Every structure is written in structure tokens, then in C-alpha cells.
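**Q** how would this look folded up:
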Amino acid sequence: MRIALSVRGLNKTYHSGARSRAMAIPALRDVSFDVEAGEIVGMVGRPGAGKSTLLLCLAGLLRCDDGSINWFGEQITGHHVPPGLAYIPQRAGYYSFLTVREALEYYATLHDLSTANRAAQVEAALREVSLHIHATRRVSSLAPSLLQRLGLAQSLIGSPRAILLDETLCGEGLLFDRDVVSLLTRLTRRGITIILAAPNPVELHRIAARVINLIEGRVVASRPQLAARVAERFG
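**A** The predicted model follows:
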């Protein structure tokens with residue numbers, strides 16, 4: 001299999017307080033791992049373990065202090081982020097006055113797509129996440145589970161090569177939903193790499209081929225079917 005992502009020696013420290021009393025808070029400590037193309041990798045850890053920081057660095061939205069991140073052979077730098085990365089946070093923000101279709105159409109304009117291609121991709125994304133029946137509803141009227149599906153639909157726009165989901169599908173049982181699991185599996189068969197974070201490894205057990213366990217910013221384990229063991233630790 002081809003390596004999609006290679007992370008080496010990643011470190012990130014936050015600083016809080018006045019400069020004279022600044023406190024250093026390590027968020028990532030010497031993080032290294034590889035992910036194969038078309039692999040679904042789960043990421044678990046307690047709140048504050050570094051999951052969100054790591055995903056932001058992987059998406060090129062946050063600069064690490066040192067270390068390297070290579071996607072498909074291209075390194076993320078301060079001036080370059082390899083194309084094809086889709087990142088969706090746990091609570092993505094949408095203009096509440098838009099309909100579901102209009103929200104996706106707006107985000108589709110951020111990609112270099114023709115008008116016809118944008119429309120086709122929006123309709124395909126709506127159907128793939130079973131949102132087409134809600135396409136004319138206002139975003140403000142959506143239940144949390146439908147908002148999470150909207151985030152997943154957004155990640156499909158623009159033909160991504162990798163999708164990063166920061167607890168995007170957690171809390172509403174979507175990782176146990178047969179249609180969502182089937183969709184994620186289909187995406188990997190297209191060669192799309194998926195990394196999804198969750199606080200509870202049980203939610204990842206059905207879908208992730210491998211689970212990365214983060215504790216206090218360190219990768220303490222990364223191997224297949226780790227979820228059952230980690231579940232004992234995290235309860």
C-alpha cells in the first residue's frame with residue numbers, strides 16, 4: 001500500500017499568560033506515525049490529549065513547532081498545504097439562514113469547480129449522506145445528528161484525497177449507523193484516507209482498521225484493533 005501520510009517528530013506547545021509569567025503547555029510531544037492511502041484510522045484520547053491540535057496540524061491550519069508532516073509525498077510548510085485535504089471540526093459553523101443545499105453550494109464555491117460540476121457534487125454529497133430529503137430545510141432547524149451529516153457532506157465536496165474528522169460523527173451514534181459506516185467504507189475503496197477522532201474508542205471499533213492512542217500529547221500505541229484495550233483504560 002502507498003503511504004498517504006507520514007508524521008515525524010511533531011511537537012507543539014501553547015503559551016498562556018503574560019509574557020513575564022508565560023506558562024508553556026505541551027500539546028504534542030514527538031508524535032510520529034504513518035497512514036496508508038485508503039486506510040481508516042481512529043484517534044482516541046481524553047479531552048486535552050492533543051487530538052484536535054494534531055488534526056489541525058495535519059490539515060495545515062495550525063503550525064507545529066518542529067517536526068514534519070508529509071501528505072502524498074508533499075510536505076506541509078508555512079506557505080504550502082498539499083491539495084485534497086478536507087477537515088471538519090466537531091461543531092462546524094454554518095449560516096443558519098441558508099438551506100442545507102445552499103450551505104453546500106456556498107462551500108462548493110471555495111473549490112475550483114465549474115458551475116455544473118459544483119451542482120453535481122452538491123447533489124451527490126447530499127445523497128451519499130442521506131440529506132437529500134432535507135435539502136430545502138434551514139440549517140437552523142436541523143437536529144445535531146443532521147448537522148453532523150452536513151459536515152460529512154461538506155467534506156466530500158472537491159474530490160478530497162483525505163478527510164479529517166474531529167469528533168464530527170461522535171455523540172449521536174453515527175459511527176454505529178449502517179449507512180454512515182457503508183459510506184466511509186466506500187470512500188476508502190476509492191483510495192480516500194480517513195482519520196477520525198473520538199473520545200471513546202468503542203465508537204471507532206466497528207469502522208477503524210487501526211487506532212492511535214494519545215495521552216498527554218504522546219502516541220502511546222498505534223496498532224490494529226487497539227480499541228478494545230483502550231476501552232478498558234477510558235471506560
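**Q** hey, where'd the strands end up in this structure?
**A** Along the chain, the segments classed as strands by DSSP state E run 3-16, 23-36, 40-44, 66-71, 74-75, 85-88, 162-166, 193-198, 210-215, 218-224.
**Q** weakest of these in terms of mean pLDDT?
**A** Lowest mean pLDDT within the strands of the chain: strand 218-224, at a mean of 76.
**Q** ok, residue 186 - how many residues close by?
**A** Residues contacting residue 186 under the criterion other CB atoms under 10 Å number 11. Where C-beta positions appear, they are placed from N, C-alpha and C, glycine not excepted.
**Q** next: residue 112.
**A** Neighbours of residue 112 using other CB under 10 Å come to 8.
**Q** tell me the pLDDT at it?
**A** Note for residue 112: predicted pLDDT of 87.
**Q** residue 118 now?
**A** Listed pLDDT for residue 118 reads 92.
**Q** how close does the residue nearest to it when sequence neighbours are not counted get to residue 68?
**A** Among residues not flanking residue 118 along the chain, residue 108 sits closest, at 4.2 Å (CB to CB, 6 or more residues apart in numbering). The gap separating residue 108 from residue 68 is 32 Å, by CB to CB, to the nearest Å.
**Q** of these two, who's got more company?
**A** Between residue 108 and residue 68, counted using other CB under 10 Å, the more crowded position is residue 108 (20 against 14).
**Q** for the more buried one, what are its contacts?
**A** Taking CB atoms under 8 Å, 6 or more residues apart in numbering as the contact definition, residue 108 lies against 118, 121, 122, 157, 158.
**Q** from those, which single one is nearest residue 89?
**A** Among the contacts of residue 108, residue 157 lies closest to residue 89 (CB to CB), at 16.0 Å.
**Q** now, which of the contacts of residue 108 lie within helices?
**A** Among these, the ones falling in helices (DSSP state H) are 118, 121, 122.
**Q** can you redo the residues you listed as a markdown table, where the extra columns are neighbour count and distance to residue 41?
**A** Formatted as a markdown table, the ones in helices among the contacts of residue 108 follow (neighbours: other CB atoms under 10 Å; distance: CB to CB, whole Å):
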| residue | neighbour count | distance to residue 41 |
| --- | --- | --- |
| 118 | 18 | 30 |
| 121 | 20 | 25 |
| 122 | 25 | 28 |
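**Q** pLDDT score for the residue nearest to residue 118?
**A** pLDDT at residue 108 comes out at 93.
**Q** list the contacts for residue 96?
**A** Contacts for residue 96 (CB under 8 Å, 6+ apart) come out as 138, 139, 140.
**Q** of the strands of the chain, which is nearest residue 53?
**A** Smallest distance to residue 53 across the strands of the chain (CB to CB): 4.3 Å, for strand 23-36.
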